[in-house]
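# Need coordinates for the following:
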Amino acid sequence: MIHVIIRHKVADYGRWKEAFDAHLNARKAGGEMGHRLLLSVDDPRDVTVVLDWDGLDRARRFASSDDLKQTMQKAGVLGEPEIRFLEDAFTVRRSSAD
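Got it, this is the predicted structure:
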């Protein structure tokens, strides 16, 4: 599985979150299989998005699309986002039985 990590500052988290939610169908059509949203404990305008993608080519194509750039601009993203593409190397999941 491919993971796309996007980190950026936003002008207003509520406005950004509405745009992110409205973009769900476009992300799913592009190959997104799931996501997590993380906020900095020191600055709630510092947003990190972890997206699970079905393949690297589709993830790169989506991340470089004009549609995503326009959506980020309308959502109030400040500056250039930091975007990284990662793949699973090793995973451990803990439970209360561990």
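# Please, where are all the strands along this protein?
With strands called from DSSP state E, the chain shows them at 2-10, 32-39, 46-53, 77-87.
# mind giving me JSON lines with those and columns for mean pLDDT?
Converted to JSON lines, these look like this (pLDDT from 0 to 100):
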{"stretch": "strand 2-10", "mean pLDDT": "97"}
{"stretch": "strand 32-39", "mean pLDDT": "98"}
{"stretch": "strand 46-53", "mean pLDDT": "98"}
{"stretch": "strand 77-87", "mean pLDDT": "97"}
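# Of these, which is nearest His23?
Closest approach to His23 among these (CB to CB): strand 32-39, 9.7 Å. To be clear about C-beta, it is placed using only N, CA and C from the backbone, and glycine gets the same treatment.
# Paired strands for that closest one, with orientation please.
Using DSSP bridges, strand 32-39 pairs in its sheet with strand 46-53 (antiparallel).
# Report the distance from the partner strand to the chain centre.
3 Å (CA atoms, centre = their mean, to the nearest Å).
# Appreciated, that's everything.
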